[in-house]
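K.L.:
Predicted model and sequence below, questions to follow.
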Amino acid sequence: MGDSFLLNGKETPFQQGQTILEAVKNGGVEIPTLCYLKGSTPTGACRICCVEVKGARSLVAACSTPVSPGMEVFTDTELVHRARKMNVEFLLSSGRHNCLMCESNGNCRLQDLAYFYKITKLKFPEKDEKEIYPIEDVNPFIIRDFSRCILCGRCVQACNEVVVNRAISQGYRGKKSKIVTGGDATYNDDLSECVFCGQCVQVCPVGALTEKKAKGLGRPWETQKIRTTCPYCGVGCQQWLHVKDGKIVKVTAVEDAQPNEGRLCVKGRFAYDFIYSEERLKTPLIREKNGEFRTASWDEALDLVADKFKEIIKKDGPDAIAGVSCARSINEDSYQMQKFFRAVLGTNNIDHCART
Amino acid sequence: MIVLIGTNITEAHPVASTFVKNAALNGAKLIVIDPRRTDMVDFADMFIQLKVGSDVALINGLMNVLITENLYDKKYVDSCTEGFEELKKKAMEYPPEKAAKISGIPADTICELARTMASIKPAMLMYTLGITEHICGVNNVMSCANLQMLLGNVGVEGGGVNPQRGQNNVQGACDMGALPNVFPGYQQVANAESRAKFEKAWNVKSLPDKPGMMMPTMMKNLATGKVKAFYVFGENLANTEPDIHHVERELQSAEFLVCQDIFPTETTRFAHVIFPAAAWSENDGTFTSSERRVNRVRTASVPPGDAKPNWWIFKELAKRFGHEWTSNSAQEIWDNEISVLAPSMAGIKYARLENDGLQWPCPSEDHPGTPTLHKGGKFTRGLGMFKAIDYIPPAEVPDKEYPMVLSTGRRLYHYHTRTQTGRCDGINDILGEETADISPTDAEAKGIEHGEKILVKSRRGKVVVKARVTKEVPQGLVWMAFHFREGCANWLTNPVYDPMTQTAEYKACAVKIEKLK
């Protein structure tokens, strides 16, 4: 028999070392969180996950409190909900949380919690405009809107403990608190260690950190998520393509997927729009005698290549033709190309860039 | 323990590096072996800054210590390997003092490193092109394997010899038989049984039995006239191959050049016909990652204009030779042909790839895939084979006229020749031009300031490029990438190749730098 605790009066097993949050989840109960970030040290900063523990002097943060045998945990009491609601009300007044104008509308945990607790007006006065740090919009990828930052610290945990780029940290104290990089520089400043992996954006539960390139291009309920594999290095990171009207508007990492477990790099997250470049090749091209290219139909171009190959094979044999396949394209394309060279042209002169 | 050798993992494989950093922070020992002080050194227990191209000497020196001090895994060596006596003989020719002289690593450090490596199990060795892009690339890889087998680290989870593959589907292109000697699934073209199998499947009378040319030979034969027609699918050879002047002469001499690409490139300038292809996210398919994991790629957008999927283009060409190929989608090609013909992928079908993909070998549809190869020290050939290997220096070493070493590679923000990343909003703002990375010592000696334009010259070419003065680079080394046409390292690199794989020596040639007047 393993250890157990009482979850809302029901005996529930847990494993040594588990936090209340983890053990409760295994027991089938969801506790709302804001600052909790899987895989990093809990900070207990937001207090949204507070629960009642019998005998404790006050409510405890489920994310940072270990369970002990026989512990009586209550997640659904009036006291718990009152405290959570109050915390949400504080956070709603911590900046300018006006959802209409927020890129994260529909993708915001604070918004979800305000809705859940049926909050219809601000209980506390909003933070003075003068005390809010200005928006940072000078780097090409990430907008930092401090008026929406709830200082939960998820971005700091992600940067330091998940991707370990150690670029951002908690800065200043009290009401001057701010998430800073390189001694309070901009993300793209020389002092900043930021490598634009965008993990901070991936984990931001509100609209404080958003993708600049995605701005205004589609709300979550307008986009479709398509899972795919990154087209850059050989790690094989799993991506969500956020697609609206047949166009990728944003890329995020697939959480809990192998091999990347919710992580991407700058290229995986932000280098997707090359496919929409005006410079794309859009039609077959044939070079004229004067050296200029002219457009051609598929039939004309394919016939020309086939005829020329036949002529060369007739004159010089199939080994006078050679080809290199593409290590960027899909398996099926390489398969087809080597099949074409071997079965149709009759040569093994097929290679690709693996050796260089 | 993790050993990184010849891999700048934070820039070339950034997401993989995050897991290595996690491991290091969680207490795993980390050893970084590289000529440059890469970012991973911040997390390393030991940093071994060896001289460019001295890997074999260093590893032989390490094995010398392991054997002399009886620190190697004797049980593993006895039961799982062969060729130990020859290896031992060779290693004995490399006492730490000799290895020290070649690699620049003090003998004491070599001893300490060997003892550290022997003290922790398992240890995972990861390498990238710092190992392979030498005229002794094959020897370098085999030396890594020698070391790991000697330590009993092959065939265990958390161990192994792990190449981080550079392109998203370079593993897959190999698996698919886009190689001159093998059919899909590494079945030899020289083997009559294999040929018979593919002749039947592809409905042809005979298939060629002689392995074909490797890419550098193809290009050389464009100039000799032996190769008349050259078909380049999705490669920008005019920027990626060593010695651009020479490469362009070769491309120029093709009687007939077909390019199939998504963009006009420096290479398509030489084409006679250009086919416009569908890009990533414009058709369904699969990529195979470094860890042999076959992953799905899915359609999100339509290709522009008349651009077509690559598989369709080859099918249409085949039709013009009277070959009617029945598969009419990537899924049909995979499910009905590839997985049927390649035994190691027989169990992989699109229906099984919905989530995290599958790692081959996966021989049957109820097989879960294979994350770790050679489990329990059981190798494909039976016993792991040690190879006694000698050190050879790079083909071109510094001399009076060209006193510095040029080594090349990639940077974080761009990918290869920028055909893709150069056309993504924002990336050029972060990294807009090539630099020559040089040490503060060399900069000072030449009176060169950080950011100042300098001349870098080799026997093959010269470029004018900004100097990036950085402590990442040791004295005597110049480091450059090949992302930008202007200032591309390949104007300078040396077209000499590993004799077995024809991998070019991108990692070492001789150059000089000059302050511009």
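P.N.:
Sure, I can see it. Numbers count the residues shown, from 1 in each chain, chains lettered A, B, ... in the order given.
K.L.:
secondary structure class for the residue nearest to B:N328 when sequence neighbours are not counted?
P.N.:
Distances taken as C-beta to C-beta, 6 or more residues apart in numbering or on different chains place B:K315 nearest to B:N328, at 7.8 Å, with adjacent residues excluded. The way it works is simple: take the backbone N, C-alpha and C, and place the C-beta from them, glycine included. Following DSSP: H, G, I helix; E, B strand; the rest coil, we place B:K315 in the helix state.
K.L.:
so who does B:K315 touch?
P.N.:
Shown in contact with B:K315 (C-beta atoms under 8 Å, 6 or more residues apart in numbering or on different chains): A:336, B:325, B:327-328.
K.L.:
just A:A354 next, same as before
P.N.:
A:A354 touches A:327, B:170, B:173-174, B:179, counting by C-beta under 8 Å, 6+ apart.
K.L.:
Which of the residues you listed fall in helices?
P.N.:
Taking DSSP state H as the definition of helices, the contacts of A:A354 contribute B:170, B:173-174.
K.L.:
how about a markdown table for those, with neighbour count, distance to A:S58 and pLDDT added?
P.N.:
Below are these laid out as a markdown table (neighbours: other C-beta atoms under 10 Å in any protein chain shown; distance: C-beta to C-beta, whole Å; pLDDT from 0 to 100):
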| residue | neighbour count | distance to A:S58 | pLDDT |
| --- | --- | --- | --- |
| B:V170 | 26 | 57 | 96 |
| B:A173 | 33 | 61 | 97 |
| B:C174 | 21 | 61 | 97 |
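K.L.:
Check which residues of stretch A:46-65 are buried.
P.N.:
Buried residues in stretch A:46-65, counted by 16 or more other C-beta atoms under 10 Å in any protein chain shown: A:46-53, A:59-65.
K.L.:
Give me the subset of these that lies in strands.
P.N.:
Those of the buried residues of stretch A:46-65 mapping onto strands are A:50-53, A:60-61, per DSSP state E.
K.L.:
Could you export the contacts of B:K315 as JSON lines, including secondary structure, pLDDT and distance to B:D78?
P.N.:
As requested, these are exported to JSON lines (DSSP: H, G, I helix; E, B strand; the rest coil; pLDDT from 0 to 100; distance: C-beta to C-beta, whole Å):
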{"residue": "A:Q336", "secondary structure": "helix", "pLDDT": "98", "distance to B:D78": "47"}
{"residue": "B:W325", "secondary structure": "coil", "pLDDT": "98", "distance to B:D78": "52"}
{"residue": "B:S327", "secondary structure": "coil", "pLDDT": "97", "distance to B:D78": "49"}
{"residue": "B:N328", "secondary structure": "coil", "pLDDT": "97", "distance to B:D78": "54"}
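K.L.:
Looking at those residues, spot the one nearest B:E291.
P.N.:
The nearest member of these to B:E291, counting by C-beta to C-beta, is A:Q336 at 24.7 Å.
K.L.:
Next up, phi/psi of B:K462, please.
P.N.:
When read as degrees, to the nearest 10, the backbone of B:K462 gives phi -140, psi 150.
K.L.:
And B:A201, by the same measure?
P.N.:
According to degrees, to the nearest 10, B:A201 has phi -60, psi -40.
K.L.:
Which residues does stretch A:306-321 contact?
P.N.:
By C-beta under 8 Å, 6+ apart, stretch A:306-321 touches A:341, A:345-347, A:349, B:208, B:212, B:226-231, B:255-256, B:272, B:317, B:320-321.
K.L.:
That stretch: which residues count as buried?
P.N.:
Residues of stretch A:306-321 classed as buried: A:306, A:308-309, A:312-313, A:316, A:318-321 (neighbour count, 16+ other C-beta under 10 Å).
K.L.:
Inside strands: which ones of the residues you listed?
P.N.:
Among those, the ones falling in strands (DSSP E) are A:I321.
K.L.:
Farthest-apart pair in the buried residues of stretch A:306-321, please.
P.N.:
Across the buried residues of stretch A:306-321, the longest distance by C-beta to C-beta is 17.9 Å; it joins A:A306 and A:D319.
K.L.:
which stretches of the stretch 151-300 of chain A form helices?
P.N.:
A:154-157, A:199-203, A:266-270, A:298-316 (DSSP state H, counting those that start in this stretch).
K.L.:
between the ones you listed, which gets nearest to B:N355?
P.N.:
Closest among the helices of the stretch 151-300 of chain A, using C-beta to C-beta: helix A:266-270, at 18.3 Å.
K.L.:
That closest one packs against which elements?
P.N.:
Packing partners of helix A:266-270 (3 or more C-beta pairs under 8 Å, 6 or more residues apart in numbering or on different chains; DSSP states H and E): strand A:247-253, helix B:14-25, helix B:427-430.
K.L.:
could I get the ones you listed as JSON lines with distance to B:E282 and mean pLDDT?
P.N.:
JSON lines is the format used below for the helices and strands packed on helix A:266-270 (distance: least, C-beta to C-beta, whole Å; pLDDT from 0 to 100):
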{"stretch": "strand A:247-253", "distance to B:E282": "11", "mean pLDDT": "98"}
{"stretch": "helix B:14-25", "distance to B:E282": "24", "mean pLDDT": "98"}
{"stretch": "helix B:427-430", "distance to B:E282": "20", "mean pLDDT": "94"}
